[in-house]
Each structure stands twice: as structure tokens, then as C-alpha cells.
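> test case, fold it:
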Amino acid sequence: MTAESPVASGADLDLSELAADRALLGRTSTAERVAAILRERIAQGLFRPGVRLSEERIGGALGVSRNTLREAFRLLTHERLLVHRLNRGTFVRVLEAADIVDIYRVRRLVECAAVRGLEEPPFPLEGLRAALREGEESAERGDWAGCATANIHFHQAVAGLAQSVRTDDLMRGVLAELRLAFHVMGDPRRFHEPYLTRNRELLGMLEKGDAAGAERMLGFYLEDSRRQLIEAYAESAVPGV
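Take a look at the predicted model:
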């Protein structure tokens with residue numbers, strides 16, 4: 001099993017979906033809005049680890065200036081999603097095993113605490129239900145990249161149970177970074193399909209009002225996912241592993 005090269009070419013990257021995001025910027029586009037769009041596209045798996053990001057092509061797709069785009073790149077570099085290499089350009093970051101360990105440390109702290117902090121049922125589970133439907137529909141189509149995106153949305157909704165804007169902002173970056181790790185999995189269906197079932201079970205437990213049981217289940221779930229990714233990294237050619 002191999003991961004993408006850290007110097008993979010992005011020359012053939014299809015940016016048609018990104019061009020459609022231009023309407024989200026409106027007339028008052030800012031670097032923060034551009035960064036939000038690129039972050040979401042990373043979370044959707046559009047930009048793979050190691051791909052060089054072309055300022056000209058991405059700026060043209062979004063209809064923004066080079067200075068605005070560079071500022072957005074700088075913001076995402078601080079979030080550890082991108083890396084700038086002198087005289088070579090900006091690349092999507094390739095994670096190391098230590099990054100996976102830290103990401104899951106944060107996930108356990110935030111997601112389990114969000115479930116633990118729930119008060120009396122019924123709980124606000126609309127976001128989890130929507131993400132589960134998204135995952136099930138993707139699985140029915142055999143779209144396992146879409147299933148991975150839906151899983152990211154599901155866990156963003158789990159963190160959202162804390163009803164904290166700051167937690168939501170934190171987890172958007174953490175989960176986008178996690179999506180970069182998913183690319184190391186050689187068989188996406190084998191990895192994601194069992195977690196779709198576990199998402200359904202977790203939601204069912206919350207619908208029954210059993211927050212304590214859901215928290216325990218989530219703890220085992222996160223540990224299993226962390227272990228699988230670490231094992232995949234150990235078998236891959238990812239630098240630093």
C-alpha cells in the first residue's frame with residue numbers, strides 16, 4: 001500500500017466543482033471565505049496529500065486575486081492543512097503518524113465531552129440524522145469518497161452537540177486534517193462501511209436517550225479508527241512513519 005507522493009502534480013486536477021464555489025464568495029470576498037471553501041473541499045477529499053496548489057488555476061476558478069488566495073493559503077498553513085516550500089509553492093500537507101495520534105486525542109476530548117454534556121432527552125440530533133442519510137445514500141451508489149465526506153459531517157455534528165461556536169470552528173480544521181489521513185487507506189469501502197454501521201448504532205443510542213452508553217460506544221469507535229489508520233500508515237510509504 002502506498003500513499004500519494006508529497007510532490008504529486010496537481011496539473012490535471014479537475015477544478016470544475018471549485019469554480020462552482022465562486023458564487024459563495026459574493027462581491028465581498030475575503031481570504032477567510034476562500035480559506036473556508038478550500039478547507040471544506042479538503043474535507044471532501046478534492047485535494048489529496050502532496051498535491052501542489054496552483055495559484056493561477058485556483059484563483060481563476062474562484063475569481064479571486066493572487067494576494068487574497070495567498071492569504072487564504074497562509075491561514076490554512078497555520079491550520080496544518082497546507083505547507084509552503086520555498087521556491088516550490090504551496091502543497092497539501094502529508095500527515096505523519098504522530099499527527100494521527102494527536103488528531104484522535106483532540107477528537108476524544110471534544111466529541112466524547114460533547115456527548116457527555118448532553119442534558120435531558122430528546123437531544124438535538126438533526127445534524128447526525130442528515131449526515132447518516134448522506135452516508136447511506138453514498139454507500140448505495142458505491143461512492144465511498146462521498147461516504148468518507150458524510151462521516152466527516154457526522155462527527156462535525158457530534159461535536160456540534162456541545163452547541164459551541166468555538167468548538168465547531170476547532171473541529172472543522174481537525175476533521176479536514178483527518179480527511180487527509182483517509183487517503184492512505186487502500187480499500188475505502190472496507191474502511192468506511194463498518195463505521196457507517198457504527199454511526200447508525202451511535203445515533204440509535206442517542207435517540208433512546210442513552211448519552212452515557214453513546215459516550216462509551218464513541219470511545220471504542222474512535223480508538224478502533226485511530227488504530228486502523230496508524231496501522232495503515234505503518235504499512236505505507238508516508239514520510240516520517
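> which residues of this protein fall in helices?
For the chain, the helices defined by DSSP state H cover 16-20, 22-25, 31-43, 55-62, 66-78, 97-107, 113-116, 126-141, 144-160, 165-182, 188-207, 211-235.
> comparing the ones you listed, which comes out most buried?
helix 144-160 (a mean of 22; mean count of other C-beta atoms under 10 Å). All C-beta atoms are positioned from the backbone trio N, CA, C, and that covers glycine.
> so how far is it from its chain's centroid?
Distance, stretch centre to chain centre, for helix 144-160: 8 Å (C-alpha atoms, centre = their mean, to the nearest Å).
> between that helix and helix 31-43, how big is the angle?
Angle of helix 144-160 versus helix 31-43, following axes from the mean of the first three to the mean of the last three C-alpha atoms, to 10 degrees, is 120 degrees.
> and the contacts of helix 144-160?
Helix 144-160 is contacted by residues 43-45, 107, 110-111, 114-115, 127-128, 130-132, 134-135, 138-139, 167-168, 171-172, 175-176, 178-179, 182, 188-189, 192-193, 195-196, 199, 202, 218 when judged by C-beta atoms under 8 Å, 6 or more residues apart in numbering.
> just give the nearest non-adjacent residue to the spatially most central residue of the chain, would you?
Centroid-nearest residue in the chain, with C-alpha atoms, centre = their mean: residue 176, separated by 2.9 Å. Closest residue to residue 176 apart from its sequence neighbours, by C-beta to C-beta, 6 or more residues apart in numbering: residue 43 at 4.1 Å.
> look at that neighbour and report its pLDDT.
At residue 43, the model reports a pLDDT of 90.
> how about residue 9?
For residue 9, pLDDT reads 51.
> pLDDT-wise, which helix or strand of this protein ranks last?
Counting by mean pLDDT, DSSP states H and E, the chain has its least confident helix or strand at helix 22-25, which shows a mean of 66.
> now residue 81: how far from residue 62?
Distance of residue 81 to residue 62, computed by C-beta to C-beta, to the nearest Å: 17 Å.
> correction: the previous question concerned residue 213.
Applying C-beta to C-beta, the value for residue 213 to residue 62 is 45 Å.
> what do you get for residue 38?
Remark: distance between residue 38 and residue 62 (C-beta to C-beta) = 9 Å.
> picking that back up, tell me which of the helices of the chain lies nearest to residue 91.
helix 66-78 (10.0 Å; C-beta to C-beta).
> tell me which other helices or strands that closest one touches.
Secondary structure elements in contact with helix 66-78, counted by 3 or more C-beta pairs under 8 Å, 6 or more residues apart in numbering; DSSP states H and E, are helix 31-43, helix 55-62, strand 82-85.
> please parse the protein into its domains.
16-92, 97-235 (automatic domain parsing).
> weakest of the ones you listed in terms of mean pLDDT?
Looking at the domains of the chain, the lowest mean pLDDT belongs to domain 16-92 (a mean of 88).
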